[in-house]
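A.B. asks: Pasting the sequence and the predicted coordinates here, then a few questions.
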Amino acid sequence: MFKNTLNLTSEGNKNLTYAIIICTLENLTLFLPFVVLLQMIVTLIMPLVTQTPLDTNHLWMLFAFGILSALLFFIVYRIEYRKTYTAAYNESMATRVEVAERMRKLPLSFFNQRNLADLTTNLMSNCFTIEHVMSHVVPQMIGYTLSSTIACIMLAVYDWRMALAIFCVLPLAAFIVFVGKKLEEGLSQQHIKAKLAVSDQVQEYLEGIKVIKAFGLSEQKFRHLDSSLKNMMKAAIKFEFLAGMFVTGSTILLQTGIGIVILVGVTLVSNGTLNIFAFLTFILVSTRIYAPIIALMTLLPEFFHFLQSLKSMQKLRRTEPMNGRTDIDLTNFDISLNDVTFAYNQVDVIKHATITIPANKVTAFVGPSGSGKTTLSRLIGRFWDVKSGSIIIGNQTIRDIDPDKLMSYMSFVFQDVILFNDTIFNNIRVGNENATAEQVYDAARKARCDEFIMRLPQSYDTVLSENGGTLSGGERQRISIARALLKNAPIILLDEATASLDPQNEVLIQQAISELIYNRTVIVIAHRLRTITNADQIIVLDHGHIIEQGNFKSLMAQSGLFYKLYTIQQQNQGWNIS
Ligand SMILES: Nc1ncnc2c1ncn2[C@@H]1O[C@H](COP(=O)(O)OP(=O)(O)OP(=O)(O)O)[C@@H](O)[C@H]1O
C-alpha cells in the first residue's frame, strides 16, 4: 500500500502495514479502561437509584477485566514498539545501502551537478528523517486515524446526535491544518536548503582548513559559516513557528468539542431523549477521543516536511545509472576513439577526437593546462559517456560494457591518491581484495614502497591517518602504483604528478612505473615532457582538439605546439630562488 507512495522496499511495506495494524489496536485498547470505569460507575450508582443490593460479583469481574485490559494494552504496546522500530531501522538501512549502491553506478556527470553536501544529506539526514517518520509518525498517524474512525462509528451507532456533537469541530480543525500545509511547504523547502548550505560550509571549512589557515582566511570563512548557521536557525524557527501556530489553533478548536458535547448532552437529557449514563459515557469518551486526533494534527507538519525530504531522495532515484553487459570479455586491448565529442555542462571540451591507441604500447597525452588530457583519459574508463562518436576497445564499444566490468580491465594511477583510514597493508590491497599477503608485499617492493613502509612504527600494520596525511606526495603515488601492480590490469592510465618531486623520489617513481607498464596498454597524461621522450606515440591536445600526433622525434621535427611546449620546459628546468 505504501510501497510506491513512500518508496519502500517490499519488506518495509509489509512491516509498516503490520505496525499500523498494531498501532490501531493499541489505540483501541486505550478505550477499554473507560468502558470498564463507566460500567463500574453504573454498577455502583444503580443500587442507589433502584434500591437494590450492590452486585459485588459484577464489580469484581469488572475489576479483573480492568486488569486484563491494562495487560492487553501493555502487550500490544510492546509489539507495536518492536514492530515499528524494527521496520524503521531496517528500512533506513536498506535505503542507505540502496542510495549508496545507486551512487556507485551513477555517471560522474551526476556528481558534477550535485555537491557533496547534497549527497551526504541524502544519505544521512534524509534517511534519518525516513527512519524517524517511519517509527514515530506514519504508524501513529494512520493508527490514530483508524482508531478514531472506528470509535466514531461505534459512538454514532450508540447515539448519532452525541457523536455529531463530538466530531462537528473536526472538519474545521482539519481545514486549518491543511491550509497550514500549503504555507509550510515553502518554509520546509527553505529549511532544507539552509541545512544543505550549512553542511556545504562545514565541509568546505574542514576540507580547506590548511589553505584557510595558510592564507589567514579563518575569520572570513568562519563569518560565512556563522551566517549560514544563523540562516538555518531562522528558517527552522520560521517553520516551527508556523507549524506550531496552525497545530495549536486546530487543537484549541478541537478542545471546544468537549463544551459542545456537554451543551448538546444537557439539552438532550433535559428533554428526556438521552439517559444520564449515555451522557456520562460521551463526556468520558470525549476526553479521550480528542487525544489521538490532536496527536495526529501535531504529527502532520512533520509528515509534510518528510514528504519534502522524500522528493529529494526521489530525484536521486530517478537518475539513470550507467548500465552495460557483464558478459563481455575483452581479449584485445587496442583502443580507438572515433570522432569523439564530449561536453561538461553543454560546453564541448573534447572535439571530434579520432585516435588509435595500440595495445602493449605507451601513448602519452600532452597539451597545455585545460586542453582536455584528463577528460580524454577518463572517457576511455567510461567515467562519462561521450556526447557523440564512439570509443572501442578490441571490437567492443565501451558504452555496451558494464562500468564495473570495464574497470576490471583498467588500473588508474591518479595524481590525487585517496588513502583510507586503515593499515598500509589494506590500503595496498585495495588493488585486489583477494591478493595474498605475499602478493601485497611483492607489489609494494616492486612499487618501491617497501623501504619507506619498513621505517614506519608498525611497518605494514601502521594505520594511516585520515587520507594518509602523514605520507609525502611521492610515497602516496608509490602506494597507488603498488595498488595498480596488484590489480594487474591490461590497460594502465597514468596521470603524472604535476608537483615537482625531489630527484630521489622521482627516480623511485620512474622505477616503479617501469615495473607497472611492462607489456601493457599504457596511456600517460604527461606534464613533464622529458619523461615521455621514449613513448611509442604522443597525442597533442589543444582546446579539446587533437592537433598533432607521432613520436618524439617526428613531433620535434614538426616544430609545432609540442616543440614549443618542450622547448619552454627545457628552458625553465632547474630554476631556483637565489
Ligand atoms: N568536472 C568538470 N566540470 C566542468 N568542467 C570541467 C570539469 N573538469 C574539467 N573541466 C574543464 O574541461 C576542460 C578540460 O579539462 P581537463 O582536466 O581534461 O584538462 P587537462 O588538460 O587535463 O588539464 P591539466 O593539465 O591542468 O590537468 C577544462 O577547461 C576544464 O576547466
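C.D. replies: Yep, it's here.
A.B. asks: And the pLDDT for D118?
C.D. replies: Confidence at D118, expressed as pLDDT, is 67.
A.B. asks: Excluding chain neighbours, give the residue nearest to C168 in space.
C.D. replies: Of all residues not flanking C168 in the chain, I260 sits nearest, at 6.5 Å (C-beta to C-beta, 6 or more residues apart in numbering). Just so you know, the C-beta spots here come from the backbone N, C-alpha and C atoms, and that holds for glycine as well.
A.B. asks: For the helix or strand the one you found falls within, what is the distance to the chain centroid?
C.D. replies: Following DSSP states H and E, one finds I260 within helix 218-270. On the basis of C-alpha atoms, centre = their mean, to the nearest Å, helix 218-270 sits 30 Å off its chain's mean C-alpha point.
A.B. asks: And stretch 380-395, by the same measure?
C.D. replies: With C-alpha atoms, centre = their mean as the basis, the mean position of stretch 380-395 lies at 29 Å from the chain mean.
A.B. asks: quick one: buried residues of that stretch?
C.D. replies: Neighbour-count burial for stretch 380-395 flags I380, G381, R382, F383, W384, V386, G389, I391, I392, I393 (criterion: 16 or more other C-beta atoms under 10 Å).
A.B. asks: Next, the contact list for the first one, please.
C.D. replies: What that stands for is I380. Applying C-beta atoms under 8 Å, 6 or more residues apart in numbering, we find I380 in contact with I335, L337, I357, I391, I393, I398, M410, I491, L493, I523.
A.B. asks: Now, those that are in strands?
C.D. replies: Mapping the contacts of I380 onto strands (DSSP state E) picks out I335, L337, I357, I391, I393, M410, I491, L493, I523.
A.B. asks: ok, which residues in the stretch 301-450 of the chain are in contact with the ligand?
C.D. replies: Within the stretch 301-450 of the chain, the positions adjacent to the ligand are Y344, N345, V349, G367, S369, G370, S371, G372, K373, T374, T375 by C-beta under 6 Å from any ligand atom.
A.B. asks: For C449, what are phi and psi?
C.D. replies: phi -100, psi -30 (degrees, to the nearest 10).
A.B. asks: Can you verify my assumption that it contacts I479?
C.D. replies: Yes: the criterion here is C-beta atoms under 8 Å, and C449 meets it with I479 at 5.9 Å.
A.B. asks: quick revisit: for the buried residues of stretch 380-395, which one is nearest F222?
C.D. replies: Taking C-beta to C-beta as the measure, F383 is the one of the buried residues of stretch 380-395 closest to F222, at 35.4 Å.
A.B. asks: In three-state terms, label the closest one for me.
C.D. replies: Secondary structure assignment for F383 (DSSP: H, G, I helix; E, B strand; the rest coil): coil.
A.B. asks: got any residues that touch both of C449 and I479?
C.D. replies: Common contacts of C449 and I479, defined by C-beta under 8 Å, 6+ apart, comprise I424, I428.
A.B. asks: Send me stretch 330-346 as PDB with only the CA atoms.
C.D. replies: Provided in PDB are the C-alpha atoms of stretch 330-346 (Å, rounded to 0.1, in the frame of the first residue of the first chain):
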ATOM      1  CA  LEU A 330      37.800  -8.400 -23.700                       C
ATOM      2  CA  THR A 331      40.900 -10.100 -25.100                       C
ATOM      3  CA  ASN A 332      42.200  -7.400 -27.400                       C
ATOM      4  CA  PHE A 333      43.300  -4.100 -25.900                       C
ATOM      5  CA  ASP A 334      43.700  -1.900 -28.900                       C
ATOM      6  CA  ILE A 335      41.800   1.300 -28.200                       C
ATOM      7  CA  SER A 336      40.300   3.500 -30.800                       C
ATOM      8  CA  LEU A 337      38.400   6.800 -30.500                       C
ATOM      9  CA  ASN A 338      36.200   7.700 -33.400                       C
ATOM     10  CA  ASP A 339      35.100  11.300 -33.800                       C
ATOM     11  CA  VAL A 340      34.600  11.600 -30.100                       C
ATOM     12  CA  THR A 341      33.000  14.800 -28.700                       C
ATOM     13  CA  PHE A 342      32.300  15.400 -25.100                       C
ATOM     14  CA  ALA A 343      30.800  18.300 -23.100                       C
ATOM     15  CA  TYR A 344      30.700  19.300 -19.500                       C
ATOM     16  CA  ASN A 345      27.500  21.200 -18.800                       C
ATOM     17  CA  GLN A 346      26.900  21.800 -22.500                       C
END
